[in-house]
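Q: sequence plus predicted model, see below.
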Amino acid sequence: MLSQTLQYLFSGLTNGAIYALAALGFSIIYNASGVINFAQGEFIMIGGVSAVMLTSAGVPMPLAILLAVLIAALVGLLLEKLAIEPAGNAEVVSLIIITIGASIFLQGLAQVIFGKGQKALAPFTGDTPIMVAGASLLPQSLWMMGTGAVIVLLLAWFFGRTRLGKAMLATAHNRLAARLVGINTRHVLAVSFVLSAALGAVAGVVSAPITFTSYDVGIMLGLKGFVAATLGGLGSGLGAVVGGLILGLMESLAAGYISSAYKDAVPFVLIILILFFMPRGLFGARVTERV
Amino acid sequence: MLGFLSRIAVAALLALSFGAQAQAPIKIGASLSVTGPAAFLGDPELKTLQLYVEKINGEGGVLGRRLELVSYDDGGDPNKANGFAKRLIEDDKVDLIIGGTTTGATMAMVPLVEKAEIPFISLAGAVVIIEPVKKWVFKTPHTDRMAAEKVFEDMKKRGMTRVGLLSENSAFGQSGKKETLGVAGKHGMTIVADETYGPKDADVTTQLTKIRNTPGVQAILVFGFGQGPGTVTKNYGQLAITLPMYQSHGVASEEYIKQSGKAAEGVRLPAAALLVANALPNSDPQKPVVVGYEKTFKDRFKQEVSTFGGHAYDGLMIAVNAIKRAGTTDKAKVRDAIEQTRGFIGTGGAFNMSPTDHMGLDLSAFRMLEIRNSDWTLAK
């Protein structure tokens, strides 16, 4: 009985860690621009698929991971320069719609370049499960959780301690005021796309051994990541991780103790409840907008 | 692009031979899911059609006329499939239609072809396409009901009667679940656990743990396609479950073995003979057909064959044979000839169609395969 519950928890943590990693990417761009980047899932996909392509071409794993992250960062930069920047001072809603278009475009491109099949990346440290009281957990799940924790710490440091991070927050808060105090807001937006693309790629690479990876993997990861980010509070790194883990655990426990048929209803019920009672999510900043 | 090029090529050939052959080409229409979620089905289907249309034309065509393939990509979207069916019938004026990679796309095309009275051979799986029988609609792939029955047959042979079912919440998985539950009683099987998972779930150890802890369960049957069954199998290995695992014909492609790795050892599934072409005994009537198709496809595209491309081969050959026997492309006569298909050996099995059976395959068309040393073998 104990081992059964423990297995449900492990399953939830594994799925939750993937959602959390996906959710983190949404935070950065949201922090810098108030835009929800629906192409975030595609950054995850690019990271995972590039790593698979490079390793199968004989590139050693660490180098392949580095290159995959660089490729995604470059795509992020191009996306910002070619699609977001030309839109100028368009409404946030228009920018969000542009990201949806970019997402479809990147998926199509990936389908042509990488093909349509699903590929698995080799796990970083083998796939012998770790047994705990009769329940088993893959080492890769620990990698995902560890990576998530490190990223949260890095983000906290970046936004709290560095000039660039603070400039990003200032830009998100009030673009005009940020410009008046000498912040190059265009530059900030470009940096935020590069950063979140790189972060998405890291998430894609770390989760690829478990999720498999294919040109359309970003749809699911982007969607669940968005739910997780909203749940935890958009813009909060810690919130993204907690939101992701809660989502994964709730799904798994619902599947285990109620019925797996209702599993997918959990995130939707959860998000309705959260948005109803805590519109800014669990860890979102309590801001009041002045009209 | 390929489709476009090959159409140009066909058109150019036509222009060259126009002096000698004044007759118009026989137009074969197709709407396939070459992109989108069912792309790994639709892609080999289109390649197969292009390859064999070229090949048949190279050998002089049918009834002295060339074949012309007019194909569209519906991306697995039933709305688009419906639109393309309309275009094929009204604008392209094709002589018959092959396709509908998915059941959804097929069912969206059915009302149009029935109304236009044009022969239609579907490449999708579900039973609803041919049950109840529709006058102009045929199909070549095995049904999910046959898959469930074949699995139950094998389980009974191994003395197992209590099954834990894990189905995907996709159209394919849910149709499979319905058929499995429907025929279980007939075969003396009891479904003791009934769980589902999402096609993109990254971890299903919860559902597998639940099935493993169900009292009396003797085997696990998974119904799904794409990466889902791969995840299920990996998790099955991770949990070191000792219950035998059965998969459906939905995983019958090389990718499944690659995804699941060594966890797939010993997994059994029903599939067409095509997957084990070289392992078939020489006495098997299907051997020359499947070996020939495999070689032709591999030589051209440098890629492993899948049963889905095989369904397209069967569909095209049934159509071509019917046109030959009818001696005309008159739609009603071709339809009758398709219905009279008897003893045609395709990649899917021996087809024996009748006015009440528009697929014509029986359980012998499925082989029970077992994965051994990361390869398909015939289960003993």
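A: Ah, there it is. Numbers count the residues shown, from 1 in each chain, chains lettered A, B, ... in the order given.
Q: around chain A, pick out the residues from the stretch 101-250 of chain B.
A: Contact residues (Cβ under 8 Å from any Cβ of the partner chain) of the stretch 101-250 of chain B with chain A: B:169, B:195-198, B:200-207, B:209-210, B:213, B:226-227, B:230-231, B:234, B:238-240. Just so you know, the C-beta spots here come from the backbone N, C-alpha and C atoms, and that holds for glycine as well.
Q: give me the buried subset of those.
A: B:169, B:195-198, B:200-207, B:209-210, B:226-227, B:230-231, B:234, B:238-239 (16 or more other Cβ atoms under 10 Å in any protein chain shown).
Q: then stretch A:112-128 to PDB, C-alphas only?
A: Output of stretch A:112-128 as PDB, limited to C-alpha atoms (Å, rounded to 0.1, in the frame of the first residue of the first chain):
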ATOM      1  CA  VAL A 112      10.800  19.500 -42.500                       C
ATOM      2  CA  ILE A 113      14.300  19.500 -41.000                       C
ATOM      3  CA  PHE A 114      14.000  16.800 -38.400                       C
ATOM      4  CA  GLY A 115      11.300  14.600 -39.900                       C
ATOM      5  CA  LYS A 116       8.200  13.400 -38.200                       C
ATOM      6  CA  GLY A 117       9.400  10.500 -36.100                       C
ATOM      7  CA  GLN A 118       9.800  10.500 -32.300                       C
ATOM      8  CA  LYS A 119      13.300  10.000 -31.000                       C
ATOM      9  CA  ALA A 120      14.600   9.300 -27.600                       C
ATOM     10  CA  LEU A 121      17.700  10.800 -26.100                       C
ATOM     11  CA  ALA A 122      19.900   8.600 -23.900                       C
ATOM     12  CA  PRO A 123      19.500   9.200 -20.200                       C
ATOM     13  CA  PHE A 124      22.400  11.100 -18.600                       C
ATOM     14  CA  THR A 125      23.200   8.600 -16.000                       C
ATOM     15  CA  GLY A 126      21.700   5.300 -17.100                       C
ATOM     16  CA  ASP A 127      18.200   4.000 -16.800                       C
ATOM     17  CA  THR A 128      18.500   1.700 -13.800                       C
END
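Q: tell me the buried residues in it?
A: A:114-124, A:127.
Q: and the two most separated of the residues you listed?
A: A:Lys116 and A:Phe124 (26.2 Å; Cβ to Cβ).
Q: check which helix or strand covers A:Phe159.
A: Element membership for A:Phe159, per DSSP states H and E: helix A:139-161.
Q: average pLDDT for that helix?
A: Mean pLDDT, computed over helix A:139-161, is 88.
Q: so after that helix, what's the next helix or strand?
A: Next element after helix A:139-161 (DSSP H and E): helix A:163-173.
Q: now do that next one and helix A:139-161, the angle between them.
A: 80 degrees (axes from the mean of the first three to the mean of the last three Cα atoms, to 10 degrees).
Q: who does helix A:163-173 touch, helix- and strand-wise?
A: Helices and strands touching helix A:163-173, as assessed by 3 or more Cβ pairs under 8 Å, 6 or more residues apart in numbering or on different chains; DSSP states H and E, comprise helix A:2-33, helix A:139-161, helix A:175-180, helix A:185-211.
Q: may I see the buried residues of stretch B:238-255?
A: Using 16+ other Cβ under 10 Å as the test for burial, stretch B:238-255 gives B:238-239, B:241, B:243-255.
Q: for A:Thr128, give its distance to B:Asn235.
A: Distance, A:Thr128 to B:Asn235, using Cβ to Cβ, to the nearest Å: 14 Å.
Q: which residues of the stretch 151-300 of chain B fall in strands?
A: Assigned by DSSP state E, counting those that start in this stretch, the stretch 151-300 of chain B shows strands spanning B:162-168, B:190-197, B:219-223, B:245-247, B:268-271.
Q: any chance of the ones you listed in a markdown table, plus mean pLDDT and distance to A:Thr55?
A: Converted to a markdown table, the strands of the stretch 151-300 of chain B look like this (pLDDT from 0 to 100; distance: least, Cβ to Cβ, whole Å):
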| stretch | mean pLDDT | distance to A:Thr55 |
| --- | --- | --- |
| strand B:162-168 | 93 | 29 |
| strand B:190-197 | 92 | 28 |
| strand B:219-223 | 94 | 28 |
| strand B:245-247 | 95 | 27 |
| strand B:268-271 | 91 | 29 |
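Q: where does the chain dip in pLDDT?
A: No chain in the question, so chain A it is. Applying pLDDT under 70 to chain A flags residues A:1, A:284-291.
Q: was after chain B, sorry
A: Looking at chain B by pLDDT under 70, you get B:1-22.
Q: which residues touch the residue of the stretch 151-291 of chain A found nearest chain B?
A: At 4.0 Å from chain B, A:Met220 is the closest residue in the stretch 151-291 of chain A, using Cβ to the nearest Cβ. By Cβ atoms under 8 Å, 6 or more residues apart in numbering or on different chains, the contact set of A:Met220 is A:41, B:200.
Q: and it, what element?
A: Assigned by DSSP H and E, A:Met220 falls within helix A:217-232.
Q: and B:Ile318, by the same measure?
A: Counting by DSSP H and E, B:Ile318 is part of helix B:307-326.
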